[in-house]
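*Asks:* structure of the sequence below:
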Amino acid sequence: MKTRDTIILLVVVAVCGLFIFLYERNLPTTGEKEERQGRILSLLDIEKVTRIALEGPEHTTVIVREGSTDEWKLTSPVQAEADAAMVDGLLSDLEFLESDRKVPKATSAQRKSFGLVTPSVEVEVEMKGATLRFVLGAEAEAGGVYLALDGDDTVYVVETMSVESLRRKPSEFREKRLLGRTAGGLTDLRVTHQDGTTVRLVSTARGWELNVGDGGAERASQKAADQVTRSLASLRALEFLEDGVKEHERGKKGFASTPPTVSYTREDGVKGSLAFGESCGPRHDDAAVKALVMPGGILVCVGQAARDAILTPVEELRLASPVEVDAFEVQSIEAQRAGKVTMRVEREGESAWIITAPGEPAAAEPVAVEALIDTLNRSRSTGYAPLPADLATVGLDPLGGTELTIIDVAGQQVEHLWLGARPDGTFTFRREGESVYATLGADPVLATAHEAWALFSRTVVSRDYFEAVRFSVEGQLAHELVKKEGAWAFVVPEGMPADAADVRDTVETACGLEAVRFIAAATPEALEANGLARPAFEIEVSFEKDGVPADPAVPDVVRILVGNETEDGRAAFVEGASAIFVLSGQVALRLTRPLADRGALAAVTADAASITLTRGAAQETFTVSAGKVSAHASGQPGLFDLADVQAFFASLVTLRASWVASYGPPPPAAGLASAVLTITVAPASAQAEPATMRFGTRFTPKTEEMFHARVGGVDATFGVDVALVEPLL
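*Replies:* The predicted structure follows:
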């Protein structure tokens, strides 16, 4: 073979191969053919579809895939973005289209009777390298719809639901988001309300900035501004009514002469506007209103709730609180006055806080820090006004105001403001970069926002109970106890039996003392004002280390002063600390209660032989056998019910008085000089002395009513539950 013939043959083979490649690459593979077996449009490859045309008796819909963006666009009857989800749904319906039954080799007469000569919908689907055409006919009597493929003499019957998407109106394939599917974020938004009020939101590096009318820049509520911009960016048409409406035609279309309007600028620089009009009517249950979108003059119905979110009132757009921060994102808070740092608190770990200024680092109370952040976030302004030339008149001058700086966990300054106190107890604030100031109501947390002590740990004493060896109280109550060999005993009053449980509970409370809140720095003036210069009680707890007493010259003592009553407890101070705090009323009562043995009344029942009850001038004696009251012995028979006496004695055996009222002689008000009931218990042993209990007047030291009571040999007055004694009276 000649060389020239060989070359020609090779060229022919190459051309054939190229043709086969270019032709067959757009055809389904063998595997794809098997997968699509039984489907009517077996050649359809939805990934390669570039154009869809649906022609009906009333309208024609044309949708194309744009080459550069690979996104769907509606080109007929209007030019608009297409709803990708609706187009994908249409293609999915076509891809899986199957027939219920077939009419092979249908005649012309049959095709006419099936409605295929004048079809209800003509469909054309273009792909790269191929075009599919078919028509829909009439409804079949047995159900379904007739369908005929171009070039195929078989007529198919398909389920009606499977071709519903082919009968949709063009507007149903239109992108419903009025700002477009690629709107992205918004950078500038101007809202004009029906009353003429104009509000502008501008996106800045610090967040949304608010301008009301011709006023200066203010901080917008980021949450409210985000809600407005999200509502606009995602605003959807419920129904497309008309295209090409001119702005001057708004009045005829249901819009007021000065309708609420919104002008916007997108991140990509695209600008536009919307005007809102009247209700769309009962078809939408009055839950939709008209909107005119410019440019384009697109008249649509939108949800009324979405419109209302976009037209958020000015009052809700303003940042009414001093700050708007996420508490979990705060790393530090610093306060300055007259250029000096008065408080700095920094996060340590997930939930701990440390006060790092002024002075040495100290633990902060997480709840107090969270309360400060929460108060700054939740306080609401009662009004705004332009900044005066003299900031001192509104409490915001550099000398009198508090400068607060909040840093986030990324080290960025997220808030910077000035907080001022006014003579009437209210507050003012202004944020950095704003030309207005706002007023706030009185608030104790804001009053101490610049004070480090306000954030101190609520644990004001943290000592080991097992190292405590002495406990004393001086003041309205006086006693002293010492611990020897693990047991507490009274030194004062001498010989008083101690209640081991109460003593431990009281001393443990002092060793781990918790404050309700802090109320002032421990200045001489504040100590005097809170009754701590001359305290009602002075409590001391002495400690030793590892069983070794402290140096007598430098005793290890915690001294707690208790002063005036407050609305939530009593003012208190730990000597050597820098702040005055409030003790809860319950804790103050526990620290200053008498600690006599509340089981002293039960002790008289040991080895009892009889019990005598005296009421006024009459008395009755009962015998006691095997620890139980058994029978009447002497005295006035029937004065007391035997069952009541038995129940009383049974309770007395394990009785623990509800309260210790006082040490020493009973107060006159206790009514024990003329007791309402006297109980004498005679022991079985002749060497032992009888024990006597007396019950006096009623009183209510806490919440339950009690009788004053005393027992011989114990120089203390107790409180006993009225339910124990009352049956005998």
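
*Asks:* in a helix, that's where Glu528 is, yeah?
*Replies:* Yes: when the secondary structure is assigned by DSSP: H, G, I helix; E, B strand; the rest coil, Glu528 falls within a helix.

*Asks:* ok, it - how many residues close by?
*Replies:* 12 (other C-beta atoms under 10 Å). Using the backbone N, CA and C atoms, a C-beta is placed for each residue, glycine as well.

*Asks:* low-confidence ranges in the stretch 151-300 of the chain?
*Replies:* The stretch 151-300 of the chain contains residues with pLDDT under 70 at 182-184.

*Asks:* would you map the strands across it?
*Replies:* Listed from the start of the chain, the stretch 151-300 of the chain has strands (DSSP state E, counting those that start in this stretch) covering 155-158, 186-192, 198-204, 207-212, 217-219, 239-242, 261-266, 271-279, 288-294, 298-303.

*Asks:* JSON lines please, covering those strands and showing mean neighbour count and distance to Ala309.
*Replies:* What follows is those, written out as JSON lines (neighbours: other C-beta atoms under 10 Å; distance: least, C-beta to C-beta, whole Å):
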{"stretch": "strand 155-158", "mean neighbour count": "21", "distance to Ala309": "43"}
{"stretch": "strand 186-192", "mean neighbour count": "18", "distance to Ala309": "11"}
{"stretch": "strand 198-204", "mean neighbour count": "18", "distance to Ala309": "13"}
{"stretch": "strand 207-212", "mean neighbour count": "18", "distance to Ala309": "15"}
{"stretch": "strand 217-219", "mean neighbour count": "21", "distance to Ala309": "20"}
{"stretch": "strand 239-242", "mean neighbour count": "16", "distance to Ala309": "19"}
{"stretch": "strand 261-266", "mean neighbour count": "19", "distance to Ala309": "11"}
{"stretch": "strand 271-279", "mean neighbour count": "18", "distance to Ala309": "12"}
{"stretch": "strand 288-294", "mean neighbour count": "23", "distance to Ala309": "13"}
{"stretch": "strand 298-303", "mean neighbour count": "22", "distance to Ala309": "9"}
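
*Asks:* between these, which one is nearest to Ser630?
*Replies:* strand 217-219 (84.9 Å; C-beta to C-beta).

*Asks:* out of the strands of the stretch 151-300 of the chain, the one nearest Ser171 is which?
*Replies:* Per C-beta to C-beta, nearest to Ser171 of the strands of the stretch 151-300 of the chain: strand 239-242, 4.2 Å.

*Asks:* kindly export the closest one (C-alpha atoms) in PDB.
*Replies:* The C-alpha coordinates for strand 239-242 follow below in PDB (Å, rounded to 0.1, in the frame of the first residue of the first chain):
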ATOM      1  CA  GLU A 239     -48.600  35.800  43.800                       C
ATOM      2  CA  PHE A 240     -47.300  37.700  40.700                       C
ATOM      3  CA  LEU A 241     -50.000  40.200  39.600                       C
ATOM      4  CA  GLU A 242     -48.500  42.300  36.900                       C
END
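
*Asks:* what is it packed up against?
*Replies:* strand 298-303 (3 or more C-beta pairs under 8 Å, 6 or more residues apart in numbering; DSSP states H and E).

*Asks:* tell me the helix or strand right after the strand it packs on.
*Replies:* For strand 298-303, the following helix or strand on the C-terminal side (DSSP states H and E) is helix 304-310.

*Asks:* beyond that next one, next helix or strand please.
*Replies:* Counting by DSSP H and E, the element after helix 304-310 in chain order, helix or strand, is helix 314-317.

*Asks:* average pLDDT across that following helix?
*Replies:* Mean per-residue pLDDT for helix 314-317: 90.

*Asks:* convert the C-alpha atoms of that helix to PDB, please.
*Replies:* The C-alpha coordinates for helix 314-317 follow below in PDB (Å, rounded to 0.1, in the frame of the first residue of the first chain):
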ATOM      1  CA  VAL A 314     -38.300  53.200  65.200                       C
ATOM      2  CA  GLU A 315     -38.600  52.400  68.900                       C
ATOM      3  CA  GLU A 316     -37.800  48.800  68.300                       C
ATOM      4  CA  LEU A 317     -34.900  49.500  65.900                       C
END
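
*Asks:* distance to Gly425 added to the strands of the stretch 151-300 of the chain, as a markdown table?
*Replies:* Formatted as a markdown table, the strands of the stretch 151-300 of the chain follow (distance: least, C-beta to C-beta, whole Å):
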| stretch | distance to Gly425 |
| --- | --- |
| strand 155-158 | 79 |
| strand 186-192 | 37 |
| strand 198-204 | 33 |
| strand 207-212 | 29 |
| strand 217-219 | 25 |
| strand 239-242 | 56 |
| strand 261-266 | 42 |
| strand 271-279 | 44 |
| strand 288-294 | 46 |
| strand 298-303 | 46 |
